[in-house]
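Peer 1: Generate a structure from the sequence data that follows.
(one chain, ligands or ions: 1)
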Amino acid sequence: MEHETLAMEAADVFYGAAQALHGVSLSVARGEVVALAGRNGAGKSTTLKAMSGLLPLSAGVLRLDGKALSTPTPEDMNRGGIAYVPEDRQIFPTLTVEENLAIAKVVRRGGSTWGVDDAFALFPRLAERRRALGQALSGGEKQMLAIGRAMICAPRFLLLDEPMEGLAPNIVSGLVESIRSIVATGVGVILVEQNFRVPAELASRFVILDSGRVGWAGDKAALETDTARVSSLLSGTAAT
Ligand SMILES: Nc1ncnc2c1ncn2[C@@H]1O[C@H](COP(=O)(O)OP(=O)(O)OP(=O)(O)O)[C@@H](O)[C@H]1O
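Peer 2: Predicted coordinates for the structure are as follows:
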C-alpha cells in the first residue's frame with residue numbers, strides 16, 4: 001500500500017483575486033497520519049478542499065497513486081477514495097443518526113462492504129443514539145457521525161478538518177483511539193488542527209502553513225528538536 005498516495009504539488013489556489021495558497025506541497029500515504037497545523041487563515045481548510053477537488057488549482061497538480069489528475073471534481077476524488085470531513089461536519093439536523101449514515105451508502109465506492117453497522121462498531125455511542133436527530137447530538141457525537149459517515153464511503157484517504165475542536169478531553173482521547181484504529185486498517189489521514197498537541201499522538205509527519213505557504217515540515221524527531229521555530233509559527237493559536 002506504500003505506493004498508494006495522495007499528493008498535492010506546488011499548488012496555488014485563489015478565491016477570486018485573493019491568493020490563499022502559494023506553492024503548497026503535501027502528501028500522505030496509506031496507513032500514515034500527516035498533521036497539518038497553522039494559525040487562523042493560514043490555509044489549512046483551503047488545502048483540504050483543494051485536495052478533495054472542491055477548489056481548483058491555478059498552478060500545481062494533484063496526484064493519486066503518482067498519477068497526475070487534470071481538473072479533478074469532488075466526484076472524481078470520492079471515486080478515487082478520498083473522503084473529506086469539513087470543519088462544520090455537515091450533519092443533516094432533521095435526519096436521525098441512522099439516516100445520516102445511510103445517506104453515505106448512495107456515494108459509497110464500488111466494492112465497499114462498509115455499512116451503517118460498521119460505523120456503529122467503530123463508534124458504539126452512535127448505536128445508542130441511532131434514533132436521535134442530528135440537531136440533538138453533542139459536538140463529540142456529531143464528529144463521530146461525520147467520521148463514521150465518511151468511512152461508509154470506504155476511503156483510502158481521510159481528510160479531517162479540526163475534528164477535535166471544542167471537544168472535552170475525554171471525548172478527544174476516544175476520537176484519537178478511533179482514528180488510530182481507522183489508520184490501522186490502512187487508511188491515510190491528513191489531520192488538520194491549529195496546533196500539534198493532539199496530532200503528536202497520532203502523526204509521523206508534521207507540516208505548518210504560514211500565510212498560505214509551507215513554513216515548516218518535519219518528522220517527529222524534528223518536531224521535538226525544532227521547538228523554537230515550531231512554536232513561533234504556531235504562536236497565537238489556541239493552547240500551543
Ligand atoms: N470562501 C472564501 N472566500 C474568500 N477568501 C477565503 C474564503 N475562504 C477562505 N478564504 C481566505 O483564504 C485564506 C485561508 O483560509 P483557510 O480557511 O484555508 O485557513 P485555515 O488555516 O483553515 O483557518 P482556520 O483555522 O480559521 O479554519 C484566509 O486568508 C481566508 O480569509
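
Peer 1: List, one by one, the residues from the protein near the ligand.
Peer 2: Listed as neighbours of the ligand in the chain under the rule CB under 6 Å from any ligand atom: Y15, A18, A20, G38, N40, G41, A42, G43, K44, S45, T46, Q194. C-beta coordinates here come from the backbone N, C-alpha and C atoms, glycine included.

Peer 1: Okay, the closest residue to D226 other than its chain neighbours and L191: tell me how far apart.
Peer 2: Setting aside the residues directly before and after it, D226 is nearest to G218 in space (CB to CB, 6 or more residues apart in numbering), at 6.2 Å. In this structure, G218 lies at 16 Å from L191, with CB to CB, to the nearest Å as the measure.

Peer 1: neighbour count winner among the two?
Peer 2: L191 (26 against 16; other CB atoms under 10 Å).

Peer 1: where does the more buried one fall, phi/psi-wise?
Peer 2: With angles defined as degrees, to the nearest 10, L191 sits at phi -110, psi 110.

Peer 1: Could you do A127 as well?
Peer 2: As for A127, its main-chain torsions (degrees, to the nearest 10) stand at phi -60, psi -40.

Peer 1: Is the closest residue to it other than its chain neighbours in a helix, a strand, or coil?
Peer 2: Spatial nearest neighbour of A127, chain neighbours left out: F120 (3.9 Å); criterion: CB to CB, 6+ apart. Three states are possible here, and by DSSP: H, G, I helix; E, B strand; the rest coil the one that applies to F120 is helix.

Peer 1: burial measure for F120, as a count.
Peer 2: Residues near F120, counting by other CB under 10 Å, number 19.

Peer 1: List the residues that contact it.
Peer 2: Under the criterion of CB atoms under 8 Å, 6 or more residues apart in numbering, the contact list for F120 reads L126, A127, R130, G148.

Peer 1: Show me where the chain dips below the pLDDT cut-off.
Peer 2: Low-confidence segments of the chain, defined by pLDDT under 70, are located at 1-2, 108-111, 237-240.

Peer 1: biggest helix in it, by residue count?
Peer 2: In the chain, with assignment by DSSP state H, the single longest helix is helix 169-184.

Peer 1: mind listing what's buried in that one?
Peer 2: For helix 169-184, a neighbour-count test (16 or more other CB atoms under 10 Å) marks I171, V172, G174, L175, V176, S178, I179, I182, V183 as buried.

Peer 1: wait, which of these is closest to the ligand?
Peer 2: Taking CB to the nearest ligand atom as the measure, the ligand sits nearest to V172 out of these, at 17.3 Å.

Peer 1: so what's the residue nearest to the closest one when sequence neighbours are not counted up against?
Peer 2: Across the structure, with CB to CB, 6+ apart as the measure, the residue nearest V172 apart from its sequence neighbours is M164 (5.0 Å). Contact criterion CB under 8 Å, 6+ apart gives Q143, V172, L175, E193, V198 as the residues in contact with M164.
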